[in-house]
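Curious how this folds, go ahead:
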Amino acid sequence: MQADPRITALEAHFREVQSTRMQDVPILNPRLQVEAIGFQPFEDGLLGVLVSPWFINLVWLPPTEQDAVATDEIVLGLPAGDYEFCRSHVPAVGNFYACSLFSPVLQFESQAAAVLTAQHVMLALMDGRMHAARPEAMPPKPAKGNTCSRRDFLRGKFA
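Below you'll find the model as predicted:
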């Protein structure tokens, strides 16, 4: 697949943000840099992960003809399940949608670790078996008679 110029523009935009507005922000991980990982066709657009020194986001670039008719939030049905994305706009890129995976990213020791994590995220999200492994419903709430006081909670008595 030939590289989409919007991916390059997205990387350039966040490098510029890093060197200007985010330059002295304490949540920056100096071991990380901006890099687009694993972008692939999905829902007529492109889906991948954007690594930066302050976040790792799942990013969907819609088809360019959809740029003009954009909603603020969308839910993408990935093989592993449904994920909510929020719209952003960068003039050189157009509209794109992001779903936060990690923020901040201080726990990553190296760019290689962040890239490997991003690659594994993409593999897992595109694997339909992950959806089947998710519980379909939340466990039932305990009956009102089983409430736990603050004192019992701090002592480890939950029932």
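
Show me the helices in the chain, by range?
Using DSSP state H, the helices of the chain run over residues 5-19, 111-125, 128-133, 150-155.

With mean pLDDT as extra columns, can I get these in JSON lines?
Putting the helices of the chain into JSON lines (pLDDT from 0 to 100) gives the following:
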{"stretch": "helix 5-19", "mean pLDDT": "96"}
{"stretch": "helix 111-125", "mean pLDDT": "97"}
{"stretch": "helix 128-133", "mean pLDDT": "65"}
{"stretch": "helix 150-155", "mean pLDDT": "62"}
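
Would you reformat these as a markdown table and include mean neighbour count and distance to residue 47?
In this view, the C-beta of every residue, glycine as well, is placed from N, C-alpha and C. Output for the helices of the chain, formatted as a markdown table (neighbours: other CB atoms under 10 Å; distance: least, CB to CB, whole Å):
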| stretch | mean neighbour count | distance to residue 47 |
| --- | --- | --- |
| helix 5-19 | 17 | 11 |
| helix 111-125 | 17 | 8 |
| helix 128-133 | 12 | 15 |
| helix 150-155 | 9 | 41 |
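
For residue 92, find the nearest of those helices.
Nearest of the helices of the chain to residue 92, taken as CB to CB: helix 5-19 at 4.0 Å.

Figure out how far stretch 52-63 is from the centre of its chain.
Relative to the centre of its chain, stretch 52-63 is centred 6 Å away, using CA atoms, centre = their mean, to the nearest Å.

who touches residue 88 in this structure?
Residues in contact with residue 88, defined by CB atoms under 8 Å, 6 or more residues apart in numbering, are 95, 96, 97, 98.

List buried residues within those residues.
The neighbour count (16 or more other CB atoms under 10 Å) marks 95, 96, 97 as buried among the contacts of residue 88.

Please determine how far residue 29 is located from residue 38.
20 Å (CB to CB, to the nearest Å).

quick one, strands of the protein?
Taking DSSP state E to define them, one finds strands in the chain at 35-42, 45-51, 56-61, 73-78, 81-90, 94-102.

May I see these arranged in JSON lines, with mean pLDDT and distance to residue 20 as well?
Formatted as JSON lines, those follow (pLDDT from 0 to 100; distance: least, CB to CB, whole Å):
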{"stretch": "strand 35-42", "mean pLDDT": "96", "distance to residue 20": "19"}
{"stretch": "strand 45-51", "mean pLDDT": "97", "distance to residue 20": "18"}
{"stretch": "strand 56-61", "mean pLDDT": "97", "distance to residue 20": "19"}
{"stretch": "strand 73-78", "mean pLDDT": "94", "distance to residue 20": "27"}
{"stretch": "strand 81-90", "mean pLDDT": "94", "distance to residue 20": "14"}
{"stretch": "strand 94-102", "mean pLDDT": "95", "distance to residue 20": "20"}
